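Asks: Provide a 3D model corresponding to the input given below.
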Amino acid sequence: MRAACARRRSAPRGGTPAPTACRRSPGRSARRSGRRAAASPPGVRARRPPAILPHHRSNPAGRGVGSPARQPRRRNASVSLLSVEDLVVRYGQGAGAVQAVDGVTFTVGAGEAVGLVGESGCGKSSLGRAILRLQPAAAGAVRVEGTDILSLPERRLVPYRRRLQMVFQDPFGALNPRQTLARLLETPLRVHGERDPLARRRRSLEMLARVGLPAAALHRYPHEFSGGQRQRIGIARALMLRPDLVVCDEPVSALDVSIQAQILNLLVELRGELGLACLFISHDLSVVRYFADRVLVMYLGRIVESADHATLWAAPRHPYTQALLAAVPRADPARRTPPAALRGDSGTARPATGCRFRPRCTAAGPHCATHDPALRAVAPGHFVACHLA
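Replies: Model (predicted):
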């Protein structure tokens with residue numbers, strides 16, 4: 001650079017060569033001095049910024065994902081935010097195929113928290129992953145404000161991926177151990193079009209503050225955090241793109257009880273502040289009761305009962321729901337419910353005909369052996385798939 005700027009012009013023979021001044025345009029000098037004077041936001045190291053490739057230049061129109069000028073999305077009030085219709089998820093082929101999700105239908109409204117409960121192996125996580133197209137669906141539809149995202153090509157799916165995010169069960173396995181927290185948080189913004197590194201850093205610092213982590217954490221790696229802190233990082237990453245709906249797949253099951261309460265309180269606060277809709281997957285009914293507005297009970301791949309949480313706890317109608325609620329521990333002995341009588345053991349194989357809960361139900365009759373019950377309304381907003389309800 002110095003050699004280029006201090007070119008020497010040939011002088012007359014025997015004379016002294018005279019240096020020629022480096023010629024810079026006034027605009028270039030002003031831009032350089034302006035960059036030196038620009039203040040970095042808190043948490044950004046004061047060092048020479050890396051070269052920016054042409055396709056990574058800042059967006060002059062300010063239309064990036066992290067831009068504060070981005071306009072809020074317009075929602076159609078007459079259409080549910082999320083509508084799942086007859087969704088089927090199947091593993092394997094032929095006679096050995098397992099139908100983990102078997103014709104599930106439900107909706108989630110804007111800002112609504114829906115809990116999905118059931119024992120391990122009933123298909124809860126498969127359902128959540130299929131909604132986000134992380135798991136292929138064999139049949140059915142997943143509509144976001146009327147658009148079936150299962151039928152979209154990958155190119156047209158990108159805007160919907162920004163609107164639907166997920167918090168995973170294992171906070172350590174969901175984070176790349178070789179990336180710093182800054183890289184983990186800023187990657188979604190970079191992928192979805194935010195070219196300005198300062199805007200990405202500001203958004204990262206904003207989300208860290210929301211989940212209760214210091215700005216200094218940006219330069220640390222996942223193994224340097226506790227389990228609860230890693231789950232906070234997972235929540236922050238899911239919210240970086242300002243999604244409309246977050247699927248929380250057992251987000252507190254791997255944490256201590258005291259940490260569970262902190263994460264649940266954080267999710268409740270963020271829901272209120274950001275107006276998020278949530279699909280909260282759990283096998284712990286007490287956790288779902290605290291968090292959800294409406295609860296779906298799942299058994300062997302099918303929704304067997306759906307109601308708001310107050311109705312479900314006060315008047316469960318399906319024998320499986322009654323058994324789940326009876327198993328919830330209570331501190332007051334006078335309020336404890338006797339365990340529900342069930343036959344056999346839990347399994348992943350459903351009977352060839354009739355109700356899938358029939359092998360374990362003590363009240364099953366002849367009609368239950370031949371007809372698979374569909375969800376039907378037993379009260380306003382209360383649906384049950386049981387012949388005896």
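
Asks: what pLDDT does the most centrally placed residue in the chain get?
Replies: Nearest to the mean C-alpha position of the chain, by CA atoms, centre = their mean, lies Met166 at 1.6 Å. With respect to pLDDT, Met166 has a value of 95.

Asks: contacts for the strand or helix carrying it next, please.
Replies: Secondary structure from DSSP states H and E places Met166 in strand 164-167. With CB atoms under 8 Å, 6 or more residues apart in numbering as the test, strand 164-167 has contacts from 82, 128-129, 131-132, 134, 144, 231, 234-235, 238-239, 241, 243-249, 251. Using the backbone N, CA and C atoms, a C-beta is placed for each residue, glycine as well.

Asks: per-residue pLDDT of the closest residue to Ala217 other than its chain neighbours, please?
Replies: Of all residues not flanking Ala217 in the chain, Leu181 sits nearest, at 5.5 Å (CB to CB, 6 or more residues apart in numbering). On pLDDT, Leu181 comes in at 96.

Asks: wait, Leu181 touches Arg232, no?
Replies: No. Using CB atoms under 8 Å, Leu181 is not in contact with Arg232, being 10.5 Å away.

Asks: show me the shaky parts of the stretch 51-200 of the chain.
Replies: Counting by pLDDT under 70, the stretch 51-200 of the chain contains low-confidence ranges at 51-78.

Asks: can you give me the helices for it?
Replies: 124-131, 154-163, 181-191, 197-210 (DSSP state H, counting those that start in this stretch).

Asks: between those helices, which one is closest to Gly354.
Replies: helix 124-131 (22.8 Å; CB to CB).

Asks: now do that closest one: everything it contacts.
Replies: Contacts for helix 124-131 (CB under 8 Å, 6+ apart): 82, 84, 87, 89, 100-101, 104, 116-118, 135-137, 142, 164, 166, 169, 247, 249-250, 279, 281, 283, 298.

Asks: from those, which land in strands?
Replies: Those of the contacts of helix 124-131 mapping onto strands are 82, 84, 87, 89, 100-101, 104, 116-117, 142, 164, 166, 247, 249, 279, 281, 298, per DSSP state E.

Asks: what subset of those is buried?
Replies: Taking 16 or more other CB atoms under 10 Å as the criterion, what is buried in the ones in strands among the contacts of helix 124-131 is 82, 84, 87, 89, 100-101, 104, 116-117, 142, 164, 166, 247, 249, 279, 281, 298.

Asks: contact partners for Ala331?
Replies: Ala331 neighbours (CB under 8 Å, 6+ apart): none.

Asks: which phi and psi does it have?
Replies: phi -70, psi -30 (degrees, to the nearest 10).

Asks: where does pLDDT dip in the stretch 251-389 of the chain?
Replies: 336-337, 339-341, 344-349.

Asks: isn't Ala374 right up against His387?
Replies: No. Using CB under 8 Å, Ala374 is not in contact with His387; the gap is 10.2 Å.

Asks: residue boundaries of the strands in the stretch 201-350 of the chain?
Replies: 245-249, 277-282, 294-299, 302-308 (DSSP state E, counting those that start in this stretch).

Asks: would you mind giving the ones you listed as JSON lines with distance to Gly354 added?
Replies: Compiled in JSON lines, the strands of the stretch 201-350 of the chain are given as follows (distance: least, CB to CB, whole Å):
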{"stretch": "strand 245-249", "distance to Gly354": "31"}
{"stretch": "strand 277-282", "distance to Gly354": "27"}
{"stretch": "strand 294-299", "distance to Gly354": "14"}
{"stretch": "strand 302-308", "distance to Gly354": "13"}
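
Asks: mind checking these for the one nearest to Gly96?
Replies: That would be, of the strands of the stretch 201-350 of the chain and by CB to CB, strand 302-308, which comes in at 20.3 Å.

Asks: only C-alpha atoms, please: export that closest one in CSV.
Replies: Extracted in CSV, the C-alpha atoms of strand 302-308 (Å, rounded to 0.1, in the frame of the first residue of the first chain):
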residue,chain,number,x,y,z
ARG,A,302,-54.3,-39.4,17.5
ILE,A,303,-55.9,-36.5,19.4
VAL,A,304,-58.3,-38.0,21.8
GLU,A,305,-59.5,-34.9,23.7
SER,A,306,-59.3,-31.1,23.2
ALA,A,307,-60.5,-28.4,25.6
ASP,A,308,-59.4,-25.2,27.3
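
Asks: in its sheet, what does it sit against?
Replies: strand 294-299 (antiparallel), strand 382-384 (antiparallel) (DSSP bridges).

Asks: point out the most buried one among the ones you listed.
Replies: strand 294-299 (a mean of 24; mean count of other CB atoms under 10 Å).

Asks: which of the contacts of strand 164-167 count as buried?
Replies: 82, 128-129, 131-132, 144, 231, 234-235, 238-239, 241, 243-249, 251.
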